[in-house]
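Asks: All I have is the shape, not the residue letters:
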């Protein structure tokens with residue numbers, strides 16, 4: 001991780017010289033010296049990180065380097081903030097006593113850091129000599145993106161017999177409640193087998209209710225019960241554990257149910273007995289429980305008979321090679337490289353037949369040159385780690401190798417994920433914004449951040465667990481073993497944790513944590529407050545003592561007892577703060593002007609602050625702002641002066657009231673995401689109709705015309721605007737006219753890939769009526785609650801021949817679709833539909849969702865919704 005820090009600070013230094021050359025000239029000798037030291041230490045770290053587990057001196061040195069680099073980054077940030085302040089307040093006297101003192105302290109700190117690094121270099125000459133001889137820098141890195149088959153269920157190898165055996169245990173059984181267990185080490189495919197069973201057609205036919213619960217090492221009985229009840233479609237609000245369990249029992253009483261308890265580590269505190277005793281066991285019904293665990297004793301303690309414990313086997317040589325080739329090569333590509341067969345099988349022998357290890361190492365190899373030398377070097381480096389024994393050792397070795405091979409830009413991003421609890425599913429948008437705020441993303445580009453995430457997914461280190469096609473939201477999680485690995489690395493490097501200690505840099509606070517522990521931590525850079533944890537602002541205690549933050553997320557904190565003024569008095573004192581998330585705080589009505597003191601602010605999130613009415617004019621002085629999110633703030637109207645925020649890449653959810661002029665957007669040339677809400681008081685002048693077309697980087701655009709009528713002038717104006725030609729995703733919400741806007745056509749939107757129309761009074765597509773042979777490049781069409789839309793499926797295919805995904809909800813007038821009827825129980829999940837329901841377009845009402853996805857030349861239901 002230290003090498004990633006060096007890269008981050010090095011880039012920071014380069015950008016600082018580029019953008020602040022004149023202002024930083026007084027520190028130039030020290031900063032140039034620091035850059036030289038960083039370049040030199042980067043070479044040491046790149047090699048030293050691989051040896052720190054075996055060399056205590058190297059480990060100690062890396063820890064010292066890490067501390068110095070953090071200090072250097074803070075100094076550099078302070079320099080830039082200071083110089084930005086001087087530029088914005090040029091009327092103030094230069095070289096004041098305060099200014100001179102700041103420069104004196106800065107030079108002194110930089111000299112101290114450079115001296116410390118020089119001392120470390122002097123203590124390590126033997127190591128550097130060895131490193132100079134042995135280091136073999138990687139060449140010809142393959143940066144081409146590829147489509148990983150990791151999420152393709154058809155690529156599962158070796159588990160079909162396992163699935164068949166256990167289904168035969170369940171379906172013929174006449175037991176009131178049969179319990180079976182899948183027991184094995186991490187990475188063996190226990191969860192995969194359980195999922196295959198859970199989604200098997202025969203299982204879905206048998207059980208009217210199916211519940212999947214992920215259990216972690218730290219068991220939270222209430223969370224388990226809430227998860228169960230939510231999956232049964234019931235409300236959990238204001239219910240205690242006893243009431244929840246009683247409601248579960250009532251809901252399951254008159255049906256057959258299947259309960260999966262995935263990844264159970266222990267039942268020693270009695271949580272399982274309480275839940276099991278509350279489950280109905282009616283003689284006229286046939287129910288089942290599937291348990292996956294790493295420990296056989298847990299299965300026994302949960303009441304599973306020895307004869308119904310399944311131990312998945314490791315893959316044999318043939319199965320391993322089949323799985324390996326599916327990930328390491330493109331289709332049939334292995335035939336082109338016969339010279340790699342021998343070394344490939346050598347690598348497989350070291351994987352010991354573990355599916356996760358095979359997938360991970362083959363994903364790594366897929367991104368490498370297909371040469372014997374490259375593969376043999378990986379095999380040789382892999383050997384020492386594979387010799388480790390113990391629980392999951394060989395898999396961790398495989399994952400460690402993948403981590404070591406990550407480019408510098410990805411290591412910090414991956415380590416951030418270790419802060420989340422086991423099995424936690426985090427929003428990709430939330431995670432990416434955190435990365436931007438931390439400074440981990442090159443050039444602060446949102447698109448670059450998404451590319452980083454895609455790379456980590458392609459390398460099988462992050463899993464996409466849910467992609468909601470109907471709202472574009474993506475959620476990700478870590479496999480347990482990946483999390484185990486990076487949690488250990490993060491702990492060793494004091495990178496992040498959910499447990500406070502004086503050295504930790506990033507902290508996740510959960511309910512029950514003593515905030516007084518923060519008194520001892522002057523190094524904290526990121527503070528995330530979750531689980532409704534209440535904050536207290538006592539003088540000189542706890543959180544108010546933390547003044548080093550770059551990232552502050554209070555979106556899940558309980559702030560009811562704290563006044564907005566008091567909260568912002570503290571927040572505005574955090575001069576290095578670059579990320580602030582206060583989303584969801586309903587009581588906040590106004591943001592104090594003191595927020596203007598945050599000159600380093602890059603990410604600002606107020607989404608869901610439903611009573612927020614005003615942002616101060618001072619917000620417009622935050623010229624580094626990259627993301628401003630005010631979605632779901634119905635009373636908020638932005639002030640004038642938005643045009644000053646020329647670095648904005650995302651502007652989400654702002655209401656265009658009569659005071660705001662669209663012309664302000666003309667200066668925001670960096671916008672990639674723009675989501676606006678039009679009201680009856682919105683005004684667009686004729687000369688402003690072309691402004692959107694000047695936003696050449698805009699990729700995602702959303703217009704919500706709620707509370708407007710078809711005769712309102714603003715709606716007529718919107719019909720005549722010129723759209724941005726670079727647009728790839730478009731959301732038209734609550735459009736009140738009968739025809740879609742005239743500019744929604746393939747000529748005006750040549751790059752559009754995704755179109756969603758939601759609500760409103762639309763009856764037809766205007767582009768379908770235009771006399772033109774142009775067809776759309778559109779790949780996905782989503783229609784939600786467009787109840788009056790009268791559409792022929794033949795027209796859709798004629799004008800949108802490249803369409804591959806079609807989403808519907810509450811659209812009863814669609815005609816002629818080739819799958820007007822389909823049996824839902826052949827697929828994983830369709831929200832709002834009961835088993836054995838026959839789907840017809842007349843029935844797509846009441847918020848139900850149906851998705852068809854094109855495969856080759858046929859249209860079929862898709863389960864990924």
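Replies: Structure received. Just so you know, these numbers come straight off a predicted model, no measurement behind them.
Asks: where does the stretch 501-650 of the chain dip in pLDDT?
Replies: For the stretch 501-650 of the chain, the stretches with pLDDT under 70 are 512-522, 536-545.
Asks: Now do stretch 61-76, average pLDDT.
Replies: Regarding stretch 61-76, the rounded mean pLDDT is 80.
Asks: which parts of that stretch are buried?
Replies: 61-63, 65-76 (16 or more other CB atoms under 10 Å). Quick note: C-beta positions are derived from backbone N, CA and C, even for glycine.
Asks: Pull the contacting residues for residue 291.
Replies: The contact partners of residue 291, taken as CB atoms under 8 Å, 6 or more residues apart in numbering, are 179-182, 260-261, 264, 298-299, 302, 304.
Asks: Take those and lay them out in TSV including pLDDT, secondary structure and neighbour count.
Replies: Putting the contacts of residue 291 into TSV (pLDDT from 0 to 100; DSSP: H, G, I helix; E, B strand; the rest coil; neighbours: other CB atoms under 10 Å) gives the following:
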residue	pLDDT	secondary structure	neighbour count
179	95	strand	20
180	95	strand	22
181	95	strand	27
182	93	strand	26
260	94	strand	20
261	94	strand	25
264	90	strand	24
298	89	helix	22
299	91	helix	24
302	94	coil	18
304	93	coil	23
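Asks: Between these, which sits nearest residue 716?
Replies: residue 260 (54.6 Å; CB to CB).
Asks: what's the spacing between residue 694 and residue 285?
Replies: To residue 285, residue 694 is 65 Å away according to CB to CB, to the nearest Å.
Asks: Which of the two has more residues huddled nearby?
Replies: Here residue 694 and residue 285 are compared on neighbour count by other CB atoms under 10 Å; more neighbours surround residue 285, at 17 against 14.
Asks: So the more buried one: helix, strand or coil?
Replies: coil (DSSP: H, G, I helix; E, B strand; the rest coil).
Asks: Look up how far residue 207 lies from the residue nearest to it when sequence neighbours are not counted.
Replies: In space, residue 285 comes closest to residue 256 once its chain neighbours are excluded; the distance is 5.2 Å by CB to CB, 6 or more residues apart in numbering. Distance, residue 256 to residue 207, using CB to CB: 5 Å.
Asks: residues shared between the contacts of those two?
Replies: Shared contacts of residue 256 and residue 207 (CB under 8 Å, 6+ apart): residue 287.
Asks: among the buried residues of stretch 61-76, which are in helices?
Replies: The members of these that map onto helices under DSSP state H are 61-63, 65-76.
Asks: Now do the helices in the stretch 651-800 of the chain.
Replies: For the stretch 651-800 of the chain, the helices defined by DSSP state H, counting those that start in this stretch cover 713-718, 766-769, 793-799.
Asks: between those helices, which gets nearest to residue 620?
Replies: Across those, residue 620 has its closest neighbour in helix 713-718 (24.5 Å, CB to CB).
Asks: list the contacts for the closest residue to residue 473 other than its chain neighbours?
Replies: In this structure, residue 473 finds its nearest non-sequential neighbour in residue 427, 6.6 Å apart by CB to CB, 6+ apart. By CB under 8 Å, 6+ apart, the contact set of residue 427 is 473-475.
Asks: Return the member of these nearest to residue 247.
Replies: Distance ranking of the contacts of residue 427 against residue 247, using CB to CB, places residue 475 first at 26.5 Å.
Asks: how close does that closest one get to residue 532?
Replies: Residue 475 sits at a distance of 21 Å from residue 532 (criterion: CB to CB).
Asks: likewise residue 97?
Replies: Residue 97 is 46 Å from residue 532, by CB to CB.
Asks: more crowded one of these two?
Replies: Set side by side, residue 97 and residue 532 show more neighbours around residue 532, with 11 against 8, by other CB under 10 Å.
Asks: for the nearest residue to that one once chain neighbours are set aside, what are its contacts?
Replies: Nearest in space to residue 532, with sequence neighbours left out and distances taken as CB to CB, 6+ apart, is residue 558 at 5.0 Å. By CB under 8 Å, 6+ apart, the contact list for residue 558 reads 532-535.
Asks: What residues are recorded as beta-bridge partners of residue 558?
Replies: In this entry, residue 558 is beta-bridged to residue 534, by DSSP bridges.
Asks: Any figure for the gap between it and residue 535?
Replies: According to CB to CB, residue 558 stands 7 Å off from residue 535.
Asks: would residue 276 count as being in a strand?
Replies: No: read with three-state DSSP, residue 276 is helix and lies in no strand.
Asks: Would you agree it is in contact with residue 303?
Replies: Yes: with contact defined as CB atoms under 8 Å, residue 276 counts as touching residue 303 (7.3 Å).
Asks: could you flag which of the contacts of residue 427 are buried?
Replies: 474-475.
Asks: quick one: which of the contacts of residue 427 sit in strands?
Replies: 474-475 (DSSP state E).
Asks: Residue 249: which of the contacts of residue 427 is nearest?
Replies: residue 475 (30.1 Å).
Asks: so the closest one bridges to which residues?
Replies: In this entry, residue 475 is beta-bridged to residue 427, residue 466, by DSSP bridges.
Asks: can you pull the pLDDT of it?
Replies: Reading off the model, residue 475 has pLDDT 87.
Asks: do you know how far it is from residue 528?
Replies: Counting by CB to CB, the gap from residue 475 to residue 528 is 17 Å.
Asks: still on that earlier bit, of the helices of the stretch 651-800 of the chain, which is nearest residue 414?
Replies: For residue 414, the closest of the helices of the stretch 651-800 of the chain is helix 793-799, at 41.2 Å, according to CB to CB.
Asks: following the closest one, which helix or strand comes up?
Replies: Moving toward the C-terminus from helix 793-799, the next helix or strand (DSSP states H and E) is strand 805-809.
Asks: State the next helix or strand along the chain beyond that following strand.
Replies: Using DSSP H and E, the helix or strand that follows strand 805-809 in sequence is strand 814-815.
Asks: what does that next one rub up against?
Replies: Strand 814-815 is contacted by residues 783, 789-793, 808, 841 when judged by CB under 8 Å, 6+ apart.
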